[in-house]
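I'll drop the sequence and a predicted model, then ask my questions.
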Number of protein chains: 2
Amino acid sequence: MTFEVNILGSSGALPAHFRHPTAQVINHNDNFFLLDCGEGTQMQLDKFGLKRSKIDHIFISHLHGDHYFGLMGLITSYILLARKQPLYIYAPQGLKAIIAAHIDITDPDIGFEINITELIEPETGVCSLVIENEVLEVYYFPLDHRITCFGYLFNEKLRSPNIIKSKIGEYTLTVAEIIQLKQGKDILRGGEVLKNKNFTYPPPSPLQYAFCTDTLPVTKNYGFLQEVDLLYHEATFLHNDEERAAQTHHTTAKQAAEVAKQLNAKQLLIGHFSAKYQNLNMLLEEAKETFENTQLAIEGLAFKVAN
Amino acid sequence: MTFEVNILGSSGALPAHFRHPTAQVINHNDNFFLLDCGEGTQMQLDKFGLKRSKIDHIFISHLHGDHYFGLMGLITSYILLARKQPLYIYAPQGLKAIIAAHIDITDPDIGFEINITELIEPETGVCSLVIENEVLEVYYFPLDHRITCFGYLFNEKLRSPNIIKSKIGEYTLTVAEIIQLKQGKDILRGGEVLKNKNFTYPPPSPLQYAFCTDTLPVTKNYGFLQEVDLLYHEATFLHNDEERAAQTHHTTAKQAAEVAKQLNAKQLLIGHFSAKYQNLNMLLEEAKETFENTQLAIEGLAFKVAN
């Protein structure tokens, strides 16, 4: 099962050094989800060979322009391409009014539903379900930025246990029995009990991806992020700019690494790089001092979510 | 004196084949003017080494997204960069409401004036002044698109005659006399008349650049465009798509060339290429059959306005 994060942009608010503002495509089992939609996202999709048409769900962290200014362009392209399937957008309050203001101007013939859910701010440390399908849940949770801002957590569901293939022939298991076993149940045959554990092996552990931008360092209150497999955490500044990071409600590379360590994350991805850094190596080195398994969210790269 | 057109984007409504939507920077004597501001314009400025900060005047043709979706990103960057000098934007009615909707969300601290002039639609064939400086006038005029849409005409003013340098010593001309001559006047010295024409040679002819997108072919009603030095005219389609061009109020390459021929333009630049054409050579060839001095407005190229 594919579970990967495609970086389309990871620039801070001011695009510079040919870096684009925040946007990511999550490919989970060929379901595609867009996280943030900075200016130029649709061109970045094209550049990196990802199809606009495959995206049905868009999650916006907050309404600073570098996280949503690409949305109207993408929606307009969907209109031009005669999209039919509904589009679902999740964002803090305010987005509906902006999109309406744009659409009012030209009153285009829109052949698909645009469902915008303006998410209500949950309490600190609380994580609420946004959507789910058979194998995945997406949650949102509050971050600590200058305006209302949400993180998103992609949480695989626990899969059914796998049947040990050799047992099927050996015990001539029926389809009904296999279904029972996959539901975790034992099988009764006459007086005999066939113990589930002897016929199955456990499924792979469910994987988690967390997207945290823009924010002060995520704290240990966020218990639901413990042991997260891949943590994207913004790291706008180097730690010698700690004060500026605090004032602007951003995080330093060192702080992002401390978050990853506290949460016992498997892997850390840092992004939202300030325009002041042309070369990003110092940010990477600073984070690695605290949390070795760190990578830079460079646009064009795809990162696998794995145990 | 520099007078050149820098192409930042010339894609049609749907960006494709790594082409960006419409935006151009006019450099006239180191005064920089932005014509349209499609999504990604600020990144294109950066890519082609043009400074955001040098732009004080932005002219928007119409409020289809591919001509203005980059505006909020650019304004936001000006805010982040603590811009001080006023920004002047000229556009059809409706832009103020859109910009207000965006700004209302975050209520940023804006340290400069944003002056938006919503231009009133002039009658067909009428050309009205938008701004002028000592050496240049910018006019707007109506185009024929599905919504209100303006063309812009950059018109150099007639310069003063040049003094023949050898005459200065020969006649020991005073500063006051030189000023008189440059104003086109003769000089009275005692009873003698020094004829202006014997002391000066004519200045270079004033140059004109016209920007016409999106529109049905500009007609011969537009007398003020006669003999224009450089005509940018949209050419969204090949002529075998004439019907579609007419329905969508666009122009074919052949029609754009016919316009250039009718206006007796010196040079034609075509753009606003439909996503259906990956290779643009056919559009160029089609236009050249009617008007030889045609070029493709490829992003990254700069075109000199010249007699």
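Perfect, I can see it now.

residue ranges of the strands in the stretch 1-150 of chain A, please?
Taking DSSP state E, counting those that start in this stretch as the criterion, the stretch 1-150 of chain A contains strands spanning A:3-9, A:23-28, A:31-37, A:55-59, A:87-92, A:114-119, A:128-132, A:136-142, A:150-156.

scratch that, the stretch 151-300 of chain A is what I was asking about
Under DSSP E, counting those that start in this stretch, the stretch 151-300 of chain A gives strands at A:162-163, A:187-189, A:192-194, A:200-201, A:208-212, A:230-234, A:267-271, A:294-296.

what's near enough to touch the residue in the stretch 201-307 of chain A that chain B sits nearest to?
Chain B sits closest to A:A275 of the stretch 201-307 of chain A, with a gap of 8.4 Å, by Cβ to the nearest Cβ. Any C-beta I mention is one placed from the backbone N, CA and C, and that applies to glycine too. A:A275 makes contacts with A:11-12, A:14-17, as judged by Cβ atoms under 8 Å, 6 or more residues apart in numbering or on different chains.

ok, it to B:A23 distance?
21 Å (Cβ to Cβ, to the nearest Å).

Same question for A:H233.
34 Å.

can you count the residues close to the closest residue to chain B within chain A?
As assessed by Cβ to the nearest Cβ, chain B sits closest to A:A101 within chain A, at 3.8 Å. Residues within reach of A:A101, counting by other Cβ atoms under 10 Å in any protein chain shown, total 18.

Confirm for me that it is in contact with B:I98.
Yes. The pair A:A101 and B:I98 passes the contact test of Cβ atoms under 8 Å, sitting 5.2 Å apart.

count of residues packed around A:K276?
14.

so who does it touch?
Counted by Cβ under 8 Å, 6+ apart, A:K276 has contacts A:F237.

Ok, A:P86 next?
A:P86 neighbours (Cβ under 8 Å, 6+ apart): A:56, A:112-115.

Are any of those residues buried, and if so which?
Among the contacts of A:P86, those classed as buried by 16 or more other Cβ atoms under 10 Å in any protein chain shown are A:I114.

So for A:K220, what's the pLDDT?
At A:K220, the pLDDT value in this model is 68.

Can you name the residues of the stretch 51-200 of chain A that neighbour chain B?
A:63-66, A:69-70, A:72-73, A:76-77, A:80-81, A:94, A:97-98, A:101-102, A:104-106, A:147 (Cβ under 8 Å from any Cβ of the partner chain).

Next, the buried residues of stretch A:8-22.
Neighbour-count burial for stretch A:8-22 [16+ other Cβ under 10 Å]: A:8-16, A:19-22.

Pull the most distant pair out of these.
A:L8 and A:L14 (17.3 Å; Cβ to Cβ).

ok, back up a step: list the contacts of the residue nearest to the residue of chain A closest to chain B when sequence neighbours are not counted.
In space, and not counting its chain neighbours, A:A101 is closest to B:A101: 3.8 Å by Cβ to Cβ, 6 or more residues apart in numbering or on different chains. Contacts for B:A101 (Cβ under 8 Å, 6+ apart) come out as A:97-98, A:101-102.

And B:A101, how far from A:G73?
For B:A101, the distance to A:G73 (Cβ to Cβ) stands at 16 Å.

From the contacts of A:P86, pick the one nearest A:K197.
A:D56 (38.9 Å).

Verify the stated contact: that closest one with A:I89.
No. At 10.1 Å, A:D56 does not count as touching A:I89 under the criterion of Cβ under 8 Å.

what's the domain layout of chain A?
A:3-158+A:205-304, A:162-200 (automatic domain parsing).

Lowest average pLDDT across the ones you listed?
Looking at the domains of chain A, the bottom one is domain A:162-200 with a mean of 91.

What residues sit buried inside stretch A:119-132?
Result for stretch A:119-132 [16+ other Cβ under 10 Å]: buried residues A:119, A:127, A:130-131.

Now do the same contact list for A:I89.
A:57-60, A:71, A:95, A:114-117.

rerun at 6 Å
A:58, A:116 (Cβ atoms under 6 Å, 6 or more residues apart in numbering or on different chains).

Over to the one 5 residues further on?
Going by Cβ under 6 Å, 6+ apart, A:G94 touches A:63, B:105.

With just CA atoms, put the helix ranked longest in chain A into PDB.
Across chain A, the longest stretch assigned as helix under DSSP state H is helix A:95-106. The C-alpha coordinates for helix A:95-106 follow below in PDB (Å, rounded to 0.1, in the frame of the first residue of the first chain):
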ATOM      1  CA  LEU A  95     -12.500  30.700   3.200                       C
ATOM      2  CA  LYS A  96     -16.100  30.600   2.000                       C
ATOM      3  CA  ALA A  97     -16.300  34.400   1.800                       C
ATOM      4  CA  ILE A  98     -13.100  34.700  -0.200                       C
ATOM      5  CA  ILE A  99     -14.100  32.000  -2.700                       C
ATOM      6  CA  ALA A 100     -17.500  33.600  -3.100                       C
ATOM      7  CA  ALA A 101     -15.900  37.000  -3.700                       C
ATOM      8  CA  HIS A 102     -13.900  35.600  -6.600                       C
ATOM      9  CA  ILE A 103     -16.800  33.600  -8.000                       C
ATOM     10  CA  ASP A 104     -19.200  36.500  -7.900                       C
ATOM     11  CA  ILE A 105     -17.000  38.400 -10.300                       C
ATOM     12  CA  THR A 106     -17.300  36.100 -13.300                       C
END
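
and the angle from that helix to strand B:87-92?
50 degrees (axes from the mean of the first three to the mean of the last three Cα atoms, to 10 degrees).

right, and A:L216 touches A:D144 too?
Yes. If you go by Cβ atoms under 6 Å, A:L216 and A:D144 touch, sitting 4.4 Å apart.

These two: which is more packed in?
A:L216 (18 against 14).

OK, contacts around that one?
For A:L216, the contact set (Cβ under 6 Å, 6+ apart) comprises A:144, A:249.

Swap in 7 Å and give it another go.
Listed by Cβ atoms under 7 Å, 6 or more residues apart in numbering or on different chains, the contact partners of A:L216 are A:144, A:249, A:251.

any idea how far it is from A:P92?
17 Å.

Also A:E258?
Taking Cβ to Cβ, one finds A:E258 at 27 Å from A:P92.

For the two, indicate the residue with more neighbours.
The residue with more neighbours, out of A:E258 and A:P92, is A:P92; 21 against 18, by other Cβ under 10 Å.

tally of neighbours for A:S166?
Neighbourhood size, A:S166 [other Cβ under 10 Å]: 9.

Ok, A:E39 next?
So A:E39, with other Cβ under 10 Å, has 34 neighbours.

Show me where the stretch 151-300 of chain A has its helices.
In the stretch 151-300 of chain A, the helices defined using DSSP state H, counting those that start in this stretch lie at A:165-170, A:175-182, A:242-247, A:253-262, A:281-290.

these two touch, right, A:I26 and A:L35?
Yes. The pair A:I26 / A:L35 is scored as a contact, 6.4 Å apart, by Cβ atoms under 7 Å.

shared neighbours of these two, which are they?
Contacts common to A:I26 and A:L35, judged by Cβ under 7 Å, 6+ apart, are absent.

Give me the distance between the spatially closest residue to A:N115 that is not a sequence neighbour and A:I131.
Using Cβ to Cβ, 6+ apart and skipping the chain neighbours, the partner closest in space to A:N115 is A:Y88 (4.9 Å). Per Cβ to Cβ, A:Y88 is found 7 Å from A:I131.
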